[in-house]
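Trainee: 3D, please:
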Amino acid sequence: MAASQRAPHGPDYGNVPVIASAVIAGFVAVTTAVVSTGGAENELRWQLGLAAGCITFIVCLLTFLLMIIAGKPNPDSMGHGSGVNRRFGAVPRSEDKDPENPGRD
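Mentor: This is a model prediction of the structure:
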């Protein structure tokens, strides 16, 4: 039982978004914990740093993944269909020339 695998159409990012998000979140966590302490005499606010780091990790990861999805090109078949407007920008009520079917205008 061989599983069919799709060939990737774009670049393979691997774990880069996860690693970049973790580095940014670690920096934010440490910075928040130290800055929110309020002086050398007070106790380190690690709970606040941990919360800020978790939120930053999730937001950064979602942002990176959204940019990856947005940068993916659409397949060529997306502009063809059987609807009223077959292509974006077509003149209404005019003949639609289909380059795939030259005999059918």
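
Trainee: biggest helix in this structure, by residue count?
Mentor: helix 46-70 (DSSP state H).

Trainee: Please identify the buried residues of that helix?
Mentor: For helix 46-70, burial by neighbour count (16 or more other C-beta atoms under 10 Å) applies to 46, 49, 52, 53, 56, 57, 60, 61, 64. Yep, even glycine has a C-beta here, placed from its N, CA and C like the rest.

Trainee: Give me the distance between the second one and residue 32.
Mentor: Right, the one you point to is residue 49. 5 Å (C-beta to C-beta, to the nearest Å).

Trainee: now do the last one
Mentor: In this view, residue 64 and residue 32 are 21 Å apart by C-beta to C-beta.

Trainee: got it, and the fourth one?
Mentor: As judged by C-beta to C-beta, residue 53 and residue 32 stand 7 Å apart.

Trainee: and if you look at the third one?
Mentor: In this structure, residue 52 and residue 32 are separated by 4 Å, where distance is defined by C-beta to C-beta.

Trainee: same question, the first one
Mentor: Separation of residue 46 from residue 32 (C-beta to C-beta): 10 Å.

Trainee: pLDDT below threshold where in this structure?
Mentor: Along the chain, the parts satisfying pLDDT under 70 run over 1-10, 74-105.

Trainee: can you give me the helices for it?
Mentor: Using DSSP H, helices in the chain cover 16-35, 46-70.

Trainee: circling back: helices or strands up against the longest helix of the chain?
Mentor: Using 3 or more C-beta pairs under 8 Å, 6 or more residues apart in numbering; DSSP states H and E, the elements in contact with helix 46-70 are helix 16-35.

Trainee: got the contact list for the helix it packs on?
Mentor: By C-beta atoms under 8 Å, 6 or more residues apart in numbering, the residues outside helix 16-35 that reach it are 44-46, 48-50, 52-54, 56-57, 60-61, 64-65, 68.

Trainee: Cool, thanks, talk later.
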